[in-house]
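**Student:** 3D model of this:
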Amino acid sequence: MKKDAVAYLNTKKKGDLAAQTAEVESYCKYRFRIVRLFHDHRANATPPEKRKGFTEMLEFCAANNCSHIIIYDLASLARDMDTGLATLRALNDQYTVYCVNNDFIGFRDEPELRREAIGNFIEYMDQYRENAKKAAPPASKKTKAAGKRPIGRPRALNDGQVEALLALRQAGTSISQICRMFDVSRSTVSKILADFPELKGEWKGGQRKSEE
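**Tutor:** Numbers count the residues shown, from 1 in each chain. I've put the predicted structure just below:
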C-alpha cells in the first residue's frame with residue numbers, strides 16, 4: 001500500500017520544476033502517493049525556515065498528520081552545508097525524509113530505520129565539523145596585532161571539511177552535488193580528489209562517468 005507523502009522542490013532554473021516533478025513521480029510510483037507538492041524558486045540563499053513553500057509544507061504536514069517528506073536531494077535544502085544539516089536534523093526529528101536524487105541513506109521501505117540512519121549521518125558529519133574547528137590553524141601574532149587578515153589566499157576548505165567531502169564522495173555523492181553542499185567550484189573539488197583517483201571516476205566519451 002502506498003504511503004501518503006508531500007514533496008518539496010527548491011529549484012534554480014526555469015525548467016527545473018517540470019523535470020524534477022517528473023523524477024519525483026517516477027520515484028514515488030510504487031511507494032508513495034503525493035498529496036501535495038510545495039515549491040520555492042531561486043531561494044537557495046534564503047534559510048529554509050524563511051521560505052514560503054517550505055513553511056507552507058511544514059504547516060500542511062502538521063495539520064494533516066503527514067509524516068513522509070520527499071525532496072529532490074540534500075543539497076537543495078540549503079546552499080550552506082551547516083544550514084542544510086541543521087534543517088535535515090529538524091525534519092528528521094518529526095518526519096521521514098526521502099531523496100529522489102543521490103539517495104545514499106537507504107532503508108526506503110523502513111521509515112524508522114531510515115530516520116535512524118539519517119540521524120547517524122548527521123552525527124557523523126557533526127564529528128567532522130567539530131574536528132574541523134579544532135584543526136583550524138590559529139591566526140598569527142602578527143595578524144592579530146595588526147588586526148588584519150592573513151597574507152595570501154585562504155584555503156577553500158579546512159581539513160575537517162576535506163574529510164567530510166571525501167566521505168560524501170565515497171558514499172556516492174556526485175561532484176556537482178558536493179560543489180553545492182560546500183559552495184566550492186569543480187576545480188577545487190578536482191584538486192582535492194587528485195590524490196584519490198578511485199573517487200574521481202573514469203573517463204567515458206569526454207566526460208567522467210561517475211562525476212554526475
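**Student:** any idea which helix is longest in this protein?
**Tutor:** The residue-count maximum for a helix in the chain (DSSP state H) belongs to helix 111-135.
**Student:** who touches that one?
**Tutor:** 67-68, 82, 85, 88-89, 92, 96-98, 105-108, 158-161, 163-164, 167 (Cβ atoms under 8 Å, 6 or more residues apart in numbering). No exception for glycine: its C-beta is placed from N, CA and C like everyone else's.
**Student:** Stretch 164-172 now?
**Tutor:** 81, 102, 104, 124-125, 128-129, 132, 157, 175, 178, 181-182, 189, 192-193, 196, 199.
**Student:** Show the average pLDDT along the longest helix of the chain.
**Tutor:** Helix 111-135 comes out with an average pLDDT of 84.
**Student:** buried ones in that helix?
**Tutor:** 111, 114-115, 117-118, 121, 125, 128-129, 131-132 (16 or more other Cβ atoms under 10 Å).
**Student:** Check stretch 15-24 too.
**Tutor:** Residues 16, 20-21, 24 are the ones in stretch 15-24 that count as buried (16+ other Cβ under 10 Å).
**Student:** okay, now Ala75: neighbour count?
**Tutor:** Other residues near Ala75 number 24, with proximity taken as other Cβ atoms under 10 Å.
**Student:** Next up, the contacts around it.
**Tutor:** Applying Cβ under 8 Å, 6+ apart, the residues near Ala75 are 84, 177, 180-181.
**Student:** Of all pairs in those, which one spans the longest distance?
**Tutor:** Gly84 and Gln177 (11.0 Å; Cβ to Cβ).
**Student:** re earlier: buried only: go through the contacts of stretch 164-172 for me.
**Tutor:** Buried among those (16+ other Cβ under 10 Å): 81, 102, 125, 128-129, 132, 157, 175, 178, 181-182, 189, 192-193, 199.
**Student:** In strands only, show me those residues.
**Tutor:** Judged by DSSP state E, the buried ones among the contacts of stretch 164-172 include no members of strands.
**Student:** Nearest to Cys28 among those?
**Tutor:** Nearest to Cys28 among the buried ones among the contacts of stretch 164-172 is Asn102, at 16.6 Å by Cβ to Cβ.
**Student:** ok, the closest one touching Thr173?
**Tutor:** Yes: with contact defined as Cβ atoms under 8 Å, Asn102 reaches Thr173; the gap is 5.8 Å.
**Student:** Can you give me the neighbour number for Thr55?
**Tutor:** Quick note: Thr55 (other Cβ under 10 Å) scores 14 neighbours.
**Student:** Equivalent analysis for the one 3 residues further on, please.
**Tutor:** The local packing count at Leu58 equals 19, with neighbours defined by other Cβ under 10 Å.
**Student:** pLDDT at it, what is it?
**Tutor:** pLDDT, Leu58: 96.
**Student:** repeat for Ser210
**Tutor:** 46.
**Student:** Can you list the low-confidence ranges for the protein?
**Tutor:** 132-155, 201-212 (pLDDT under 70).
**Student:** ok, which stretches of it are helices?
**Tutor:** Using DSSP H, helices in the chain cover 16-28, 52-64, 81-94, 111-135, 141-146, 159-170, 175-182, 186-193.
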